[in-house]
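Chemist: Okay, here's the prediction I keep looking at, along with the sequence it came from:
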Amino acid sequence: VAMAYLAWRLAQRWWPSSLQVISFPVVQLHLNRTAMRASQKDFENAVNQVKLLKKDPGNEVKLKLYALYKQATEGPCNMPKPGVFDLINKAKWDAWNALGSLPKETARQNYVDLVSSLSSSLESSSQVEPGTDRKSTGYETLMVTSEDGITKIMLNRPTKKNALNVEMYHEIMHALKAASKDDSAITVLTGNGDYYSSGNDLTNFTDIPPGGVEEKAKNGAILLREFVGCFIDFPKPLIAVVNGPAVGISVTLLGLFDAVYASDRATFHTPFSHLGQSPEGCSSYTFPKIMSPVKAIEMLVFGKKLTAGEACAQGLVTEVFPDSTFQKEVWTRLKAFAKLPANAMRISKEIIRNREKEKLHAVNAEECSVLQGRWLSDECMNAVMNFLSRKSKL
Ligand SMILES: CCCCC/C=C/C(=O)SCCNC(=O)CCNC(=O)[C@H](O)C(C)(C)COP(=O)(O)OP(=O)(O)OC[C@H]1O[C@@H](n2cnc3c(N)ncnc32)[C@H](O)[C@@H]1OP(=O)(O)O
């Protein structure tokens, strides 16, 4: 009964509006329209258009989109039915299976019609946000701008406290690779809204692939290793502008940055034991070096949350600024840094950081392998369930 209850709460969390959204007349209307035939190109355009939708169309529509997409690309559902507690995959399977033997072409047409109805009824995010330049287009979870010799990568899921979902991990890697090659002198990571980042998006744990939780954990470890590797290898000065509280992986990665500027509103929290998890981002190596083993253990094992002042005293933060003047003071300083000779900065960073690189990659690999095991533990599953069922917060 307890399991069923938790699973039900999990589904509520994932589908907060599923019980309110009952019917979509506009969707039905378009689903029934089969007079026109959509080309493969129309279909591909529609798939891209979905990524640009600014407003969430709701889970019922998302399930329809999913089902039509699968039917259009793979034909009728012949996957095994997911288990009763795997609510999310079961809902997806049900939606796809309900399309029966609908021909691929009709599914493609219905998909295109559905997207076109959504695009006209929901605002599209194809417009560039004010204050960002053209380089920011194409990212769903980030705002990326490049000016005055600075590439700024801003985590942009403020309503979710900039939690890192799978898409954001990929987009950050992409943005870092692009920044390493662009003509900026320095790169900055910061957050939009009141948080720097609340760390790994715990809903990442809910999307279980056909291979089950083992496959999920394996994929997570591969993603994490590649993600952290991008920070280890980043060639230019990399600066964190910590605008508010930072949690989990957004804290551990700071050990790989070249400077960390923090608002006095920022806090630094790595509650890995509370979550049944273990340190990542090379923090098992960088934190003891930066702040001494006992201070690192206070943070990484006992989950002590540091104020910005404490993090600065421990050497994790370079300098703390009053929140009221934080942005102005930090950006004035960064603009001055960005005027320094770019090659000299890159070469100096290289000589300081390079002899540690091999070690850092080895630490990263080991941490990911340990975490892969942790993600399968009851301790971790229970902690995630508790958060998702709104029983616990940090
Ligand atoms: C594959 C790579 C894995 C790498 C391993 C990384 C590990 C980590 O990073 S461990 C750290 C994980 N993070 C957390 O445990 C934080 C969980 N969040 C919280 O405890 C709280 O949300 C808070 C303390 C960060 C903020 O509390 P509060 O100010 O009360 O705001 P809300 O809880 O109402 O948050 C607003 C909104 O955002 C959602 N949200 C916030 N953080 C996360 C998160 N980490 N994962 C998923 N969702 C998050 C929160 O659920 C709210 O959503 P709605 O209810 O839909 O508004």
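Modeler: Arrived safely, thanks for sending. Residues are numbered from 1 along each chain as shown.
Chemist: Can you name the residues of the stretch 201-350 of the chain that neighbour the ligand?
Modeler: Applying Cβ under 6 Å from any ligand atom, we find that the stretch 201-350 of the chain lies next to the ligand at 201-204, 220, 223-224, 247-249, 275, 277, 280. Every residue, glycine included, has its C-beta placed from N, CA and C.
Chemist: Which of the residues you listed sits closest to residue 178?
Modeler: The closest of those to residue 178 turns out to be residue 223 (Cβ to Cβ; 18.7 Å).
Chemist: if I look at that closest one, how far off is residue 289?
Modeler: Per Cβ to Cβ, to the nearest Å, residue 223 is found 26 Å from residue 289.
Chemist: for residue 350, same thing?
Modeler: 19 Å.
Chemist: what about the chain, any weak spots by pLDDT?
Modeler: Residues of the chain that meet the criterion pLDDT under 70 lie in 1-36, 54-56, 58-59, 84-85, 120-137, 391.
Chemist: Tell me how it divides into domains.
Modeler: 37-121, 142-393 (the TED database).
Chemist: Now do the helices in the stretch 151-300 of the chain.
Modeler: Per DSSP state H, counting those that start in this stretch, the stretch 151-300 of the chain carries helices over the ranges 166-181, 212-233, 249-252, 283-291, 293-300.
Chemist: surely residue 214 meets residue 221?
Modeler: No: between residue 214 and residue 221 no contact is recorded; they are 10.9 Å apart, counting by Cβ atoms under 8 Å.
Chemist: The two: who's more crowded?
Modeler: Each of residue 214 and residue 221 has its neighbours counted (other Cβ atoms under 10 Å); residue 221 has more, 21 against 13.
Chemist: For residue 232, see how far away the more buried one is.
Modeler: Residue 221 is 16 Å from residue 232, where distance means Cβ to Cβ.
Chemist: Just to check, residue 152 is in contact with residue 188?
Modeler: Yes: if you go by Cβ under 8 Å, residue 152 and residue 188 touch, sitting 4.8 Å apart.
Chemist: Name the nearest residue to the residue of the stretch 101-250 of the chain found nearest the ligand, ignoring sequence neighbours.
Modeler: Nearest residue of the stretch 101-250 of the chain to the ligand: residue 248, at 2.1 Å (Cβ to the nearest ligand atom). Spatial nearest neighbour of residue 248, excluding adjacent residues (Cβ to Cβ, 6 or more residues apart in numbering): residue 199 at 2.4 Å.
Chemist: now that neighbour: how far from residue 281?
Modeler: According to Cβ to Cβ, residue 199 and residue 281 sit 10 Å apart.
Chemist: and for the two, which residues touch both?
Modeler: 249, 251 (Cβ atoms under 8 Å, 6 or more residues apart in numbering).
Chemist: Is the residue nearest to residue 330 when sequence neighbours are not counted bridged to anything, and to what?
Modeler: Distance criterion Cβ to Cβ, 6+ apart; nearest residue to residue 330, sequence neighbours excluded, is residue 261 at 4.8 Å. Residue 261 has these beta-bridge partners by DSSP bridges: residue 241, residue 319.
Chemist: what about the strands in this protein?
Modeler: For the chain, applying DSSP state E gives strands covering 142-147, 150-155, 186-191, 238-242, 246-247, 259-263, 267-269, 306-307, 319-321.
Chemist: do you know which of the ones you listed lies nearest residue 65?
Modeler: Minimum separation from residue 65 across the strands of the chain (Cβ to Cβ) falls at strand 142-147, 23.3 Å.
Chemist: Would you mark the buried spots in that closest one?
Modeler: For strand 142-147, a neighbour-count test (16 or more other Cβ atoms under 10 Å) marks 142, 143, 144, 145, 146 as buried.
Chemist: Between helix 166-181 and it, find me the angle.
Modeler: Interaxial angle, strand 142-147 versus helix 166-181 (axes from the mean of the first three to the mean of the last three Cα atoms, to 10 degrees): 20 degrees.
Chemist: okay, the angle between strand 142-147 and strand 150-155?
Modeler: Counting by the same axes, to 10 degrees, strand 142-147 lies at 170 degrees to strand 150-155.
Chemist: Run me through the strand neighbours of strand 142-147, direction for each.
Modeler: Checking strand 142-147 against DSSP bridges gives partners strand 150-155 (antiparallel).
Chemist: how about the partner strand: buried residues?
Modeler: The neighbour-count check on strand 150-155 (16+ other Cβ under 10 Å) flags 150, 151, 152, 153, 154, 155 as buried.
Chemist: hmm, which two among the residues you listed are most spread apart?
Modeler: Among the buried residues of strand 150-155, 150 and 155 lie farthest apart (Cβ to Cβ), at 16.2 Å.
Chemist: Residues of the stretch 51-200 of the chain that sit close to the ligand?
Modeler: By Cβ under 6 Å from any ligand atom, the residues of the stretch 51-200 of the chain that approach the ligand are 160, 161, 163, 198, 199, 200.
Chemist: Bridge partners for the closest residue to residue 337 other than its chain neighbours, pull those for me.
Modeler: Distances taken as Cβ to Cβ, 6+ apart put residue 186 closest to residue 337, at 5.8 Å, once the chain neighbours are dropped. Beta bridges link residue 186 to residue 150 when assigned by DSSP bridges.
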